[in-house]
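Q: pasting a predicted model and its sequence here:
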Amino acid sequence: MTLSKGKKKGIYIYIYIQRERERERGKRQKNNQKCGTTTGEGLLVCLQQEPTAGAKGTDGNAQTEETALLNHCTQQPPEPTAGSSIPARTWRQIFACPPQGLLAQTVTNVAFVVLVWAVVWSITGAECLPGGNLFGILFLYFFAVIGGKIFGFIKIGTLPPLPALLGMLLAGFLIRNTPFISDFVQINLRWSAALRNIALSIILTRAGLGLDPKALKKLKAVCLRLAFGPCLSETGTAAVLAYLFLHLPWQWGFILGFVLGAVSPAVVVPSMLILQSGGYGVEKGVPTLLMAAGSIDDILAITGFNTCLGMAFSSGSTLYNVLRGVLEVAVGIAAGGILGMFIRYFPSHDQASLAWKRSCFILGLSMFAVFGSIYFGFPGSGGLCTLVLAFVAGVGWSDEKREIEKIVAIAWNIFQPFLFGLIGAEVSITSLRPETVGLCVAILGIALVVRIIATFLMVSFAGFNFKEKVFVSLAWIPKATVQAAIGSLALDTARQHQDEQKEKYGMDVLTVAFLAILITAPIGALVIGLAGPRLLQKAQTKSKEDEEGAEVGEEAEACEPS
């Protein structure tokens, strides 16, 4: 067979390129790329690809056979050097000038933080210098974000990653209790309470939007049993123990109990999604059950907490306090229903940027409900109003709700470091007595044991085998988000009333909430990751399509994380 001059020239050029590559990189590894791994295979593939008539190269000129050959063979991605765990290109990107990749991203983030500080300093002056309020807020936020990133990078095999909120919590705790740093990081108590209440309104909005009426109707009785039974059992146990050990009044004992009674969606939901993607417990709907019941559990705990909080700070007879608590619940539900119906129809469907407008409305009304309820003397109705208005609005938005949930999630990611960082900064080692810490740990441990037993009993007649019952009981341990959101609310309310005795009670509640997050969040995440593959049955799928269907099926989308 006779080759044309153009093809011969292309062959010579290709052989020359191959020799240069071999001289630079050594022997190439075998792969399945288009140009092959040997000279012969590359020649055969490149000769078979005839250029189309009128095709042009990257320079805009007509593409000949030899230029097509060069373009095709030289555009293959370079391969990593054999025996090197990090390709040479990666090192060149890391130390490139100007910087690129991770180094450039780090420099950009640091420069952005410095820029924000510089702008705020140019406006506020001394407030943004060491010892100022804004400096303390920015300093704590920056290191809370870093702490969350560090804990997010910690991964142990196939286990779920440690919750980033632990890093944020510890960052605030270390800033408060490190002598040199705590001298120039000062945060005004009113600012701290306001930022935590904003974060509380956002997490309550997510909880309300995350409730799915279809999932609740489908799971029916077992979901309600799993939500109410363990929460009320742990609450009652903690209230009795707080009355006996810490000598708290009964109202404050139940405040502490409802703080402990909530399970953490920030720990449970990601862990359940990992198990669900692996097919564990999917056939019996264990992940869906836990995610749906977790939302109801949180709402029950928050509602009970707000009711008891209103009773604890009201004066009058016991009957008056009970009636006032019922009144606050009724006001919260009624106001939430009215506001939810309003934003269900306004803004209307024909308006531009509908998702953003609805998100601004629901977040703004939620914050107004939380702050307004405190201003008007009904602190227990704000949280319930937020939950109801988010749920009512979400039911009306149906499928369009997902876009609003994404925007609200962005707001939560922004304020999450504030919430956990400020909670950690509220706990001072010097103000903690060893005996108080020991009693708080004892209350937490005993209440958890009662919760585990109650959970096992609640799912005993739901069609699960023994291993699945044990797993559900252990998965109901983690506490984090709700404890951080409402754990300091009683202390903030006591400070507003300037009552030293109630401030002491509020500090005890906050200490228990802090210890609950610090102990149960990492243990719960590790227990779920270790016990899930061993105690749950893995779904037997016949094909890849079946697996994908199981992941995105009706059970998987029945409940969104709150």
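A: In hand now; what should we look at? Numbering: from 1, shown residues only.
Q: every contact and neighbour count from this point should use C-alpha atoms.
A: OK.
Q: correct me, but Ile198 touches Ala369?
A: No. Between Ile198 and Ala369 there is no contact under C-alpha atoms under 8 Å: 10.6 Å.
Q: low pLDDT regions in the chain?
A: 1-12, 25-96, 157-160, 215-216, 218-219, 316-318, 541-562 (pLDDT under 70).
Q: those helices in the stretch 401-550 of the chain, which residues are they?
A: Under the criterion DSSP state H, counting those that start in this stretch, helices of the stretch 401-550 of the chain are mapped to 401-426, 434-458, 466-475, 481-486, 489-497, 500-535, 544-551.
Q: and the first one, which residues are buried?
A: The neighbour-count check on helix 401-426 (16 or more other C-alpha atoms under 10 Å) flags 401-402, 404-405, 407-409, 411-412, 415-426 as buried.
Q: angle of it against helix 500-535?
A: Using axes from the mean of the first three to the mean of the last three C-alpha atoms, to 10 degrees, the direction of helix 401-426 lies 120 degrees away from that of helix 500-535.
Q: packing partners of helix 401-426?
A: Applying 3 or more C-alpha pairs under 8 Å, 6 or more residues apart in numbering; DSSP states H and E, we find helix 401-426 packed against helix 133-153, helix 164-177, helix 189-210, helix 354-375, helix 481-486.
Q: want to throw those into CSV with mean neighbour count?
A: CSV is the format used below for the helices and strands packed on helix 401-426 (neighbours: other C-alpha atoms under 10 Å):
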stretch, mean neighbour count
helix 133-153, 20
helix 164-177, 24
helix 189-210, 22
helix 354-375, 19
helix 481-486, 27
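Q: Ala104: which of those is closest?
A: Ala104 sits nearest to helix 133-153 of all these, at 16.8 Å, using C-alpha to C-alpha.
Q: show me what that closest one is in contact with.
A: Here helix 133-153 makes contact (C-alpha atoms under 8 Å, 6 or more residues apart in numbering) with 113, 117, 127-130, 161-172, 175, 184-188, 417-418, 420-422.
Q: wait, what's in contact with Val449?
A: For Val449, the contact set (C-alpha under 8 Å, 6+ apart) is empty.
Q: and it, how far from Cys231?
A: Val449 sits at a distance of 12 Å from Cys231 (criterion: C-alpha to C-alpha, to the nearest Å).
Q: again with Thr237
A: Using C-alpha to C-alpha, we find Thr237 at a distance of 10 Å from Cys231.
Q: which of those two has more neighbours?
A: Neighbour totals were compared for Thr237 and Cys231, and Cys231 leads with 27 against 22 (other C-alpha atoms under 10 Å).
Q: what's the closest non-adjacent residue to the more buried one?
A: Leaving out its chain neighbours, the residue that sits closest to Cys231 by C-alpha to C-alpha, 6 or more residues apart in numbering is Gly261, at 4.6 Å.
Q: cool, and Leu165?
A: Gly148 (5.9 Å).
Q: do Arg225 as well
A: Closest to Arg225 by C-alpha to C-alpha, 6+ apart is Met458, at 5.8 Å.
Q: identify the residues contacting Leu389.
A: Gly208, Ala335, Gly336, Gly337, Ile338, Leu339, Gly340, Met341, Ile362.
Q: mind putting those residues in CSV, secondary structure and distance to Tyr14 included?
A: Formatted as CSV, the contacts of Leu389 follow (DSSP: H, G, I helix; E, B strand; the rest coil; distance: C-alpha to C-alpha, whole Å):
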residue, secondary structure, distance to Tyr14
Gly208, helix, 64
Ala335, helix, 76
Gly336, helix, 73
Gly337, helix, 74
Ile338, helix, 75
Leu339, helix, 72
Gly340, helix, 69
Met341, helix, 71
Ile362, helix, 64
